[in-house]
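[1] Generate coordinates for the sequence data below:
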Amino acid sequence: MLIFKSFCYILLLFSVHFVHSQCLNFEKQMQNCMAIFKELEMISIADDGKLWGEIYYYPLLIVDRESRHFVTNHPLSFSENTENDNVFIGFLPDKYIIASTATIIDTVLFTLVAIDELDFDTNKILEISIHEMFHYWQYKNNLHQNSYNNSHLDTKWGRIYLILEIKALQKTLLSNTFAEKKESLTEALFFRQQRHLFFPDKINDETNFELAEGLANYTETKLPTKHDSLITQRVNNDAENLLSKKTFVRNFGYVTGSIYATLNDHNPFWREDIRNITDLADLTKLIYEIEYIPTKLSDSILALYNYEHLLQIEDSLYNRKKLFDEVIKEKLENSKQIKLNFSGCEIGFNPNELYAIEEAGTYFPYCLVSGSFGTIHTTNGAVLQNDNIIIFFCDKKIKFKRKSIKSDGITLTFNKGYFLKKQKRTYEIVNK
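    Coordinates of the predicted model:
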């Protein structure tokens, strides 16, 4: 009995310590969020609407992915007041998908920023908040909401001409005089034109991506940065970082769009006509008075960009990519899998780790899929095909818990009423 009582006492102490530590973590998180709100408000006041024509401070909800605890600067019907009149806290109901974006919550349009409690970086969250607030601004003004699919940038010539365009844009950013910028910008637009000759049906997809995410990235950099030289340095670093990635399909537009927007600041009035802009690069061409794009560049100019060496590298990558595509296609044909209608779902993924599989869809090595059913976290791989997402599933060593299923490399967490139903080698998530 004494041993049992001692055990219960230790368990109680552990529980109290755990709850206390959780409360301390949330209290610290709330204080950090309050600092972010204050910094955003100060930045928007300093801007005074100069960037996008209005005060850039909107309803913002910062929510922890795991606990669903949130801190916000705008009240909700299910939020609680704090000692600060302009800060509210609460628990985000399961019906809302946690993903950084502009979204309607409780009939109010919010900028939602998803965070991980153990990776709370105030500066990083501030940048993400500014980025996502631009999507709020787009949503509110019904701008740049078009979809895009840039899978062609995982092909040999798509990659080659994008890499060359980015290198020429870097050269433009770092040039000192207008004449030098105009010369290297002409080369960048030549490479862009060549890519569009290969893929004329993808021009709108590229420009839509640049307008949606490139302008958000531009805003994230420009709004809090006081000196143009620091903006140039940041954008150039982003370009250098992009060139080191394995894929460009879902990340290039952040960088190229941001570079063209930054170059457009040569004429600071360009943003006044933002509602009528359909191609940032076309506007850059006008601002820098480029009347003619050549149909060919000399060998000496191409040599400056290491063109022949780039061809050799991309030939090798292309051959390896073909083998990789065949492996994924074979898995689609023969492996056990969960098939899910993607309508109404959100997918969290690393944009630097996804691959266009020829005639098969987009492959994610790892991702988090969420929807009304709950969530699926997988490191086994998944393929997005039109309206469906196919998640590779090993149904051996399955562990069942009250609301979740775990197997090698995958965790499924279900909301009330949902369960997994087997149909031969395919599983489906169904509602009772």
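
[2] Every contact and neighbour count from this point should use C-alpha atoms.
    Noted.

[3] contacting residues for residue 36?
    Contact analysis of residue 36 by Cα atoms under 8 Å, 6 or more residues apart in numbering lists 122, 125-126.

[4] element containing it, please.
    Assigned by DSSP states H and E, residue 36 belongs to helix 2-47.

[5] pLDDT on stretch 197-208, on average?
    Averaged over stretch 197-208, pLDDT sits at 96.

[6] End to end on that stretch, go ahead and measure it.
    Start and end residues of stretch 197-208 are separated by 18 Å (Cα to Cα, to the nearest Å).

[7] do stretch 339-347 as well
    Stretch 339-347: ends 14 Å apart by Cα to Cα.

[8] Not counting it itself, show me its contacts.
    Stretch 339-347 has contacts (Cα under 8 Å, 6+ apart) with 97, 99, 367-372, 387-391, 426-429.

[9] That one: how far from the chain's middle?
    Stretch 339-347 has its C-alpha centroid displaced from the chain centroid by 17 Å (Cα atoms, centre = their mean, to the nearest Å).

[10] if we can go back for a sec, could you dump the next helix or strand after the helix holding residue 36 to CSV, C-alpha only?
    Using DSSP H and E, the helix or strand that follows helix 2-47 in sequence is strand 60-64. Extracted C-alpha coordinates of strand 60-64, given in CSV (Å, rounded to 0.1, in the frame of the first residue of the first chain):
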residue,chain,number,x,y,z
LEU,A,60,-3.7,37.7,-37.5
LEU,A,61,-4.1,34.3,-35.8
ILE,A,62,-1.0,32.4,-34.7
VAL,A,63,-1.8,28.8,-34.0
ASP,A,64,0.3,25.9,-32.7
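
[11] Just checking: what are the partner strands of strand 60-64?
    strand 69-72 (antiparallel), strand 108-115 (parallel) (DSSP bridges).

[12] Can you name the residues in contact with that strand?
    Residues outside strand 60-64 that contact it (Cα under 8 Å, 6+ apart) are 33, 69-74, 92, 98, 110-117, 129, 133.

[13] ok, now how distant is the closest residue in space to residue 391 that isn't next to it in sequence from residue 299?
    Of all residues beyond its chain neighbours, the one nearest residue 391 is residue 382 (4.2 Å), with distances taken as Cα to Cα, 6 or more residues apart in numbering. From residue 382 across to residue 299, the span is 43 Å (Cα to Cα).

[14] Which one's more surrounded, the two?
    With neighbours defined as other Cα atoms under 10 Å, residue 382 and residue 299 compare such that residue 382 has more, 27 against 10.

[15] Identify the residues contacting the more buried one.
    Listed by Cα under 8 Å, 6+ apart, the contact set of residue 382 reads 363-367, 389-392.

[16] Dump the residues you listed into TSV; add pLDDT and neighbour count as well.
    Output for those, formatted as TSV (pLDDT from 0 to 100; neighbours: other Cα atoms under 10 Å):
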residue	pLDDT	neighbour count
363	91	22
364	92	25
365	91	15
366	89	20
367	88	22
389	90	23
390	92	23
391	91	30
392	89	22
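
[17] Just the ones of those residues in strands?
    With DSSP state E as the criterion, strands contain 363-364, 367, 389-392 from among these.

[18] Which residue is the nearest non-sequential neighbour of the residue most central in space within the chain?
    The structure's the chain has its C-alpha centroid closest to residue 351; by Cα atoms, centre = their mean the separation is 6.4 Å. In this structure, residue 351 finds its nearest non-sequential neighbour in residue 250, 5.2 Å apart by Cα to Cα, 6+ apart.

[19] what's around residue 197, how many residues?
    12.

[20] in which helix or strand would I find it?
    helix 178-198.

[21] for the very next helix or strand once past that helix, packing partners?
    With elements assigned by DSSP H and E, the helix or strand that comes after helix 178-198 is helix 203-209. Under the contact criterion of 3 or more Cα pairs under 8 Å, 6 or more residues apart in numbering; DSSP states H and E, helix 203-209 touches helix 252-264.

[22] After the helix it packs on, which helix or strand is next?
    Sequence-wise, the next helix or strand downstream of helix 252-264 (DSSP H and E) is helix 280-287.

[23] ok, and residue 95, which helix or strand is that part of?
    Short version: residue 95 belongs to no helix or strand, going by DSSP H and E.

[24] what sits against it?
    By Cα under 8 Å, 6+ apart, residue 95 lies in contact with residue 372.

[25] from the contacts of strand 60-64, which would you call buried?
    Burial by neighbour count, judged by 16 or more other Cα atoms under 10 Å, picks out 33, 69-74, 92, 98, 110-115, 117, 129, 133 from the contacts of strand 60-64.

[26] Next up, the contacts around the residue nearest to residue 329 when sequence neighbours are not counted.
    With sequence-adjacent residues excluded and distances taken as Cα to Cα, 6+ apart, residue 329 is closest to residue 360, at 7.0 Å. Contact partners of residue 360, counting by Cα under 8 Å, 6+ apart, are 329, 383, 385.

[27] Between these, which sits nearest residue 267?
    For these, the closest approach to residue 267 (Cα to Cα) belongs to residue 385, at 42.2 Å.

[28] For that closest one, grab phi and psi.
    phi -120, psi 110 (degrees, to the nearest 10).

[29] what does residue 361 give?
    Dihedral angles (degrees, to the nearest 10) for residue 361: phi 120, psi -160.

[30] Quick check: it vs residue 203, distance?
    Residue 361 is 20 Å from residue 203, by Cα to Cα.

[31] before we move on, back to that, restricted to buried residues, select the contacts of stretch 339-347 in ChimeraX.
    One line in ChimeraX is enough to select the buried members of the contacts of stretch 339-347, burial here meaning 16+ other Cα under 10 Å:
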select :97,99,367,368,369,370,371,372,389,390,391,426,427,428,429
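
[32] Low-confidence regions, the stretch 101-250 of the chain specifically.
    117-119 (pLDDT under 70).

[33] residue ranges for the helices of it, please.
    Per DSSP state H, counting those that start in this stretch, the stretch 101-250 of the chain carries helices over the ranges 122-141, 156-174, 178-198, 203-209, 215-222, 228-243.

[34] Kindly indicate whether the closest residue in space to residue 422 that isn't next to it in sequence is helix, strand or coil.
    Nearest residue to residue 422, sequence neighbours excluded (Cα to Cα, 6+ apart): residue 428, at 6.5 Å. Classification of residue 428 using DSSP: H, G, I helix; E, B strand; the rest coil returns strand.
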